[in-house]
Each structure stands twice: as C-alpha cells, then as structure tokens.
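K.L.:
With the sequence up front, the predicted model follows.
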Amino acid sequence: MTAVYTITSGLHDEASVARISDEFLTGVFPEGNYDFRGADFADFGTHNLDLIYVRTGGAEGIFRSLLPEMLARGTERYYLLTSGKSNSLAASLEILSYLRQQGLKGEVLHGSPAYLQARVQALETVAEARKKLRSARIGVIGQPSDWLIASQADPMAIMDKWGTRLVEVPMEELLQEIAKAPMDSAPADEPMSDKVRKAYPGATQIYHALKALVDRYELSAFTLRCFDLLTEVGNTGCLALASFNADGIPAACEGDVPALLAMMAAQALTGCTGFQANPARIDVETGEMLFAHCTVPFNMVGNWRYDTHFESGIGVGIHGELPEGPVTVFKVSGKLDRHFAAEGELLYNQYEDHLCRTQVVLKLRPEDARYFLTNPIGNHHIILPGHCKALLEELL
C-alpha cells in the first residue's frame, strides 16, 4: 500500500490546511486506499511507495532535517506530492532542487486529480515490481548457447541494480532429473503429426524435470541451454518453456540471461512474461518486422498447435497465433545499463516452413526498426501485448 507522510510549516493555520489536505487527498485517492502517516516519519521507507505530501510553503527546512534519517534507511527516490495550494508547489520545487544538488533522485507529483491518480498507480506498480525483482532468484541452467556472443550477463551489476541473484545449475543435473521424471501422454483430442505425438511424452518429461529444479533451488525464473537437449535426449524444451511462462514463471531459451531479465521485468510490471523471439526480416522503410521463435507462452495465444522444432525437425515446438493489436518490443542489456522499448502494432500471424514455428509481423516506427540494424541489444527481443513503454522505462 502507498503511505502518505506530510510536512507542514507552523506559520500556516492548521484548520485551513487540514481542509485543503482532505479535499486534495480525496481527489488523489478517491477510494481511500492509502495509509495516512502524517508527520510521523518513524516507519518511512517500509511501504511499497512512500509519498511526501508538502502541504505548505516554508516546509523546506523540515524536509532537510528529515533527509539524513531517510537516507540512512536506504531511500533512493523521493516523491513530493503537492496540492498547488498554500505555496505547496513552490516548496516542492525548492526541495527537489535541493535533492538534485545532493545527487539524489526525486519528482514533484503535481497536476489534475486524474493525472495524479494515474501517476501514483504507475509508481505503485513499479514499486511492487522492484520489490519482486529484489527477492528473485534466476536459474541459469547450463551456460548461454555458444552463438550468443553478445548476450552475456554481469551477475554483480544485476545484484547491484535489481537485487536479483543468479543461480548456476549444471546441465548434468537437469539431464539426471529428466532420466527419472514422469511422462504425460499426448492429448488424444489435439491435432498433431505422428512424429510430434511420439515426441510429446518426452517433452513433458523435460517439463517435470525443470519443475523439480525450480522447486529445489527456489527459482523465480530460469533460462535454459535448450539446444543441448536435442543431442542429449532427442527432444526440445519448447513445450516446457511455453508452460512455465503461462504459469507466471519467466523461462527463456538458449541460456539468454538478458532476454530473461526483460521477461522478468515485463512479468513484474504487467503480469505477462512476453514472447521471446528474434527478427527474421525487417523493412526499415515501412517499419514492418517479422519475428519468430519455436515457443510462445500458452496464455499469450488464442490458438496454437504442436509442431516440430524448426532447426532440428524433432521434438515439440509451438505454432501459436497472437492477438492482433498494440504491442511493445522490449530488451535490456546484461549489465542493465541499456534498454530498448518501442511501441507498435501486431499486424498479422503467418506460417512459413523455413522459419521458427510462431511467426508474427509487427509494424514499428521506421526509426525504431532501424535500431535493429544499427545498435541492437542482441538478437532476442521480447514482445508484450499492449503499449507499456512508459511503465517499462519507469522501472529502468
């Protein structure tokens, strides 16, 4: 829950200030869903989001006296709520300027009730996402695939910026789990080729083995060096990853940690891990792009069918159809020092035999499409339903 703390100059009439405050806070929180803490800052920093309501002018010195205590508690960002009355805005601007001089981050929250409601809701969402990421444990099952030469991760940077811990799990341990994991029969009512039907039980065996590792290491998310499974067990992880992502556990292909970080950010903010895919064709003049991959979260597609894995022609891949409409394409770097986010439209789904099985054509702005040919963050990118660029960038 959001907490509201107040600072008020003793020069102002409290009764008058209280009336203004009640009216203002009712506009910002029409459902009363906030914790009013008043001038008692004893537990500041313990909520998902702490707002400092600067009720009047002349309160700048009070804030400065409180700042050392807030810094000692590790507060990184200061949100100054202002009503625009009783010189509240003027005091907030002075306080924000002081914060900037100290090398600290802050923002004045000022505007219409509708704007403030939306802004506070966004900050609450981001604060909750940061909390989830701080407690997350990422499983790296096997090392990144050999061809991901630009998609390495920096565990120390990830820990420092997000508080997220990487846990390395040997591929051999997964193979041992697969050898003893149960198999599920192929659903009789699902249309699939005889080849895919024969591979289906082995694909579910991989899922059960991964589930054992997720439980054992208390993983919040994981990435899998999945191509090793082609030679080791003659099957693929596509079905398993589609299931984990649909269940809210971000699961990335090919040992790609930066792609997984992007999926985790997306999941924490929007509840959807997104579709990890790589561009197959780009028209920089129109901004149209074709993305494809052999797995897609089941909860992102309206229809799907089971197919083989594209490169190997074995195992179980997923040919899914995503809803047309607004999308966001997103990626972060392995050091979390760079990101890309662009909004566009999913125009249509397609299917070509010579591509990975789930294939979507998007339209981005031409300048966003050119990013892929001039300064990309690896090849894998994450496609999310809806336009959520602002929320992603707020988190980062």
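P.N.:
Right, received. Where do you want to start?
K.L.:
burial count for residue 164?
P.N.:
21 (other CB atoms under 10 Å). Bear in mind the C-beta positions are built from the backbone N, C-alpha and C, glycine included.
K.L.:
actually residue 152, sorry about that
P.N.:
If you count neighbours by other CB under 10 Å, residue 152 ends up with 16.
K.L.:
I figured it hits residue 144, correct?
P.N.:
Yes. Using CB atoms under 8 Å, residue 152 makes contact with residue 144 at a distance of 6.7 Å.
K.L.:
Check the gap between residue 380 and residue 316 for me.
P.N.:
Residue 380 sits 20 Å away from residue 316, going by CB to CB, to the nearest Å.
K.L.:
between the two, which one's more packed in?
P.N.:
Neighbours per residue (other CB under 10 Å) separate residue 380 from residue 316, with residue 316 holding more: 31 against 24.
K.L.:
Quick check: closest non-adjacent residue to the more buried one.
P.N.:
residue 203 (4.1 Å; CB to CB, 6 or more residues apart in numbering).
K.L.:
Can you name the residues that contact the one you found?
P.N.:
By CB atoms under 8 Å, 6 or more residues apart in numbering, the contact set of residue 203 is 235-240, 315-316.
K.L.:
hang on, it in a helix?
P.N.:
Yes. Using DSSP: H, G, I helix; E, B strand; the rest coil, the assignment for residue 203 is a helix.
K.L.:
hang on, residue 32 in a helix?
P.N.:
No. If the criterion is three-state DSSP, then residue 32 is coil and not within a helix.
K.L.:
Quick check: it vs residue 124, distance?
P.N.:
Relative to residue 124, and taking CB to CB, residue 32 is found at 15 Å.
K.L.:
likewise residue 332?
P.N.:
22 Å.
K.L.:
of these two, who's got more company?
P.N.:
residue 332 (29 against 17).
K.L.:
Check whether that one really touches residue 378, as I assumed.
P.N.:
No. Contact status for residue 332 versus residue 378: not in contact, 9.9 Å apart, counting by CB under 8 Å.
K.L.:
Overlap in contacts, those two.
P.N.:
In contact with both residue 332 and residue 378: residue 258, using CB under 8 Å, 6+ apart.
K.L.:
that older thread, if I look at the residue nearest to residue 316, how far off is residue 314?
P.N.:
10 Å.
K.L.:
For the two, list the residues in contact with both.
P.N.:
Counting by CB under 8 Å, 6+ apart, the common neighbours of residue 203 and residue 314 are 235-236.
K.L.:
Tell me where the stretch 201-350 of the chain has helices.
P.N.:
228-232, 238-246, 257-270 (DSSP state H, counting those that start in this stretch).
K.L.:
how about those, which one is nearest residue 162?
P.N.:
helix 257-270 (7.9 Å; CB to CB).
K.L.:
who touches residue 228 in this structure?
P.N.:
Per CB under 8 Å, 6+ apart, neighbours of residue 228: 142, 171.
K.L.:
Local confidence estimate at it?
P.N.:
We have a pLDDT of 92 for residue 228.
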